[in-house]
Structures are given as structure tokens and as C-alpha cells.
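Asks: Could you look at this predicted model? Sequence included:
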Amino acid sequence: MDKKALSVFKSLCETPTPSGWELPGQRLLANFVKPYADSVRLDAHGNLHAVVNPKAPVRIMLDGHCDEIGFMVRHIDNDGFLFINTVGGVNIQLVQGERLVFQGKKGPVKAVVGSKPPHLMTPKERETPVASITSLWADIGATSKKEAQEVIDIGAPGVIDSGWRELLGDRVSARAMDDRAGAFVVMDVLRRLKGRKLNVAVHVVSSTQEELGLLGGRVAAFGVDPHAGIAVDVTFASDDPAKDEKVLGKVCLGGGPVLSCGPTYDQSLNAYIERIAKKKKIPVQMQAEWHTGGRGDGTNAFSMRMTRGGVPAALLSLPLRYMHSPVETLSLSDVDKTAELIAETVASLPKDAEFGPKL
């Protein structure tokens, strides 16, 4: 990967952006993409839009969501302990004993999630998983409610305090690769398109609040009104010891971008992406949509597909291990190849590009 781009990706993964509080990450991406875009702006929902060749008659939308799962302070007790809600699909079983960081009144506030020592547990308690987030508390070291309220408010957002970790080879781990990786990829596409003649308008969106129900992607797609769109997200790898190939198909880190197939995704756009991949010798893995009966409503490809009168949409994903955990792990080569494939696809589109079913 380009060293400067990799540095931006690393910084993005280390920047807390829980759903509804994505602005720090959006500012970082805006600074990265400004040299490569004709315009950069935020819409009313906080989605970051970077546009190239805006006057072209055909609009292509690229989307990756910038938000991550996290927490929000809901109560401060008299002893200064924080009680928290989840923001998005947090795996409660992974939270106990974790380190958190909250957005405080004067800056970051560090916390730890308390846990009962096993020595003091009954045999039943040792065997019982955490029932809900309401049974956990965060300890910021305060000795009273007043002391806690001097640094943090009700409603303050927080995330698990885990950073970028380089593993062997080109594998890296960080909190919220889902979907910081996708947001980075779509913006990096514009870097790769800089100086190339384009026949279409390219609307790149780092969208917000995907983890709360594809909210930002819906707003952004309605505003752009694209003629076709590609969403970039992460998908479940099946190459760890769990090996869920019968459920997920064969999806490996380092095997290249994953192209989803199913009723949500436009067959003609998928076929076009496959042709470009073959022409440019970019490896592509295929994965059938597997959850909700193949409906494919778990990513912003669905937001684009269902906006206005409908949009031909495709989903390219990065293979990911340990999704919605503090140690999400991927291969940098997959990040690089996904951005390359999308850039080559967009650059090859004719000015009258048209996708969707035809009689």
C-alpha cells in the first residue's frame, strides 16, 4: 500500500467514531481526500461526500460507512461509577474487564469495565454469561458522582480502547475495521483516479450510522440519486479455526475482495466488475448472501438498491476475522486490491454506462 495512505488508514482506525459521533473520522478523511476531489462536503446527516467530475450525466456512488459500535453513558451513581448503553451490535460477552475511552467534557476519559473476581463467584455465576449491558459498570476512578460529573456527562459516547496492532505478514488488527476499512477504500479510490480521464461522475460517500440500521447510507443515496452504486463493507472470513465454510462459503484473508451475489445485487454490474477483475488480474472471491434468507439488507448496498426508484447496486467486501470484537483482523493486500478493482472499474465506464435488467 501507499505509505501515506496507509498512515491515514491507521489513524482512522485509532480514531473513535461511534454511530452518531463520526465527525473526528470524517474530518480525517476529508483532509485525506481533498487533493483528489472536485468538492468535499458534509450533508445534514454527517455523511462525507467527495465528488469528481460532477457534471457528467451518469452518477456512480461509492459508499463505505465510517461509524463503529460503541457505548453511551446512561447513569452516574453516587459513588462515581458509570452505567452504559450499547450503541449498535456490541457483543456483551466481550465487554467485561475491557478498557474503554469516553468523550469527556475536557477531552478523553479513560475507564475500565468492572468484573466480579472469580474467587467471589458462586459456581452458577462462573457458568452464567453476562446477561445484559445493564449488569456492567465502567470505573473512571472517580470517588463520587460530583467528581465524575466534572469530567463526563450523561450521553457521552465511548468505545473499547484498543488500537492498531501489526501481526505477521500484512495482517493487521484493530477495533472497528468494520467498516473503517470500507470508508478508507472508497476515499482511496479517488487518490487512484487522480489525473485519469473519467466519463462518469463519481460520488464517494463515507456514511454514518450504518450500525444503527443503514441510516446515513439511506440519506446519502437519496441525495446523490445514483445511476449505479458500489458499497464497500467487511464480510466474515471462513479461514480461522471455526471454519464456517458450509455457512459462509470459502472466504480467506489475502484472497482478494469478495463480490456478493444474491437478489439484492445487480447481475449486470457484478458481471462487469468480474470482467474488469479478470482483465486486470485482480483475484476476486465470491460469496452468496447468507443471512435473512438471502435478502442482503445488512449493508449500504441495500440502501442504494432501495432508494427512490431503485438503483443497480453491488457489494464488494473485505474478508474479516472476529467481527464486532476489539481485535478485528484483515489483510492489507485485500484493502489494496479492493481499492484497485473499484478504481479500474470506475475508470473503464463509458459515458452512457447503464446497468440493471433489460428486456
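Replies: Sure thing, it's come through.
Asks: Return the distance of the closest residue to Asp79 other than its chain neighbours relative to Gln267.
Replies: Distances taken as Cβ to Cβ, 6 or more residues apart in numbering put Ser144 closest to Asp79, at 6.8 Å, once the chain neighbours are dropped. Where you see a C-beta, it was placed from the backbone N, CA and C, and this is true even at glycine. Distance from Ser144 to Gln267, counting by Cβ to Cβ, to the nearest Å: 62 Å.
Asks: Next: Gly114.
Replies: Counting by Cβ to Cβ, the gap from Gly114 to Gln267 is 52 Å.
Asks: Val8 too?
Replies: Val8 is 34 Å from Gln267, by Cβ to Cβ.
Asks: So those two - more neighbours on which side?
Replies: Set side by side, Val8 and Gln267 show more neighbours around Val8, with 19 against 14, by other Cβ atoms under 10 Å.
Asks: Check which helix or strand Phe184 maps to.
Replies: helix 177-193 (DSSP states H and E).
Asks: in the helix or strand where Phe32 lies, what counts as buried?
Replies: Using DSSP H and E, Phe32 maps to helix 23-33. Neighbour-count burial for helix 23-33 flags 23, 25-26, 28-30, 32-33 (criterion: 16 or more other Cβ atoms under 10 Å).
Asks: for the helix or strand just after it, packing partners?
Replies: Remark: after helix 23-33, the chain's next helix or strand is strand 39-42, criterion DSSP H and E. With contacts taken as 3 or more Cβ pairs under 8 Å, 6 or more residues apart in numbering; DSSP states H and E, strand 39-42 sits against helix 23-33, strand 48-52.
Asks: How is the closest residue to Lys250 other than its chain neighbours assigned, secondary-structure-wise?
Replies: If the residues on either side of it in the chain are set aside, Lys250 comes closest to Ser238, at 6.1 Å by Cβ to Cβ, 6+ apart. Here Ser238 is recorded as coil under DSSP: H, G, I helix; E, B strand; the rest coil.
Asks: right, and Ser238 touches Val258 too?
Replies: No - assessed by Cβ atoms under 8 Å, Ser238 is found out of contact with Val258, at 10.6 Å.
Asks: Give the intersection of the neighbour lists for these two.
Replies: Val251 (Cβ atoms under 8 Å, 6 or more residues apart in numbering).
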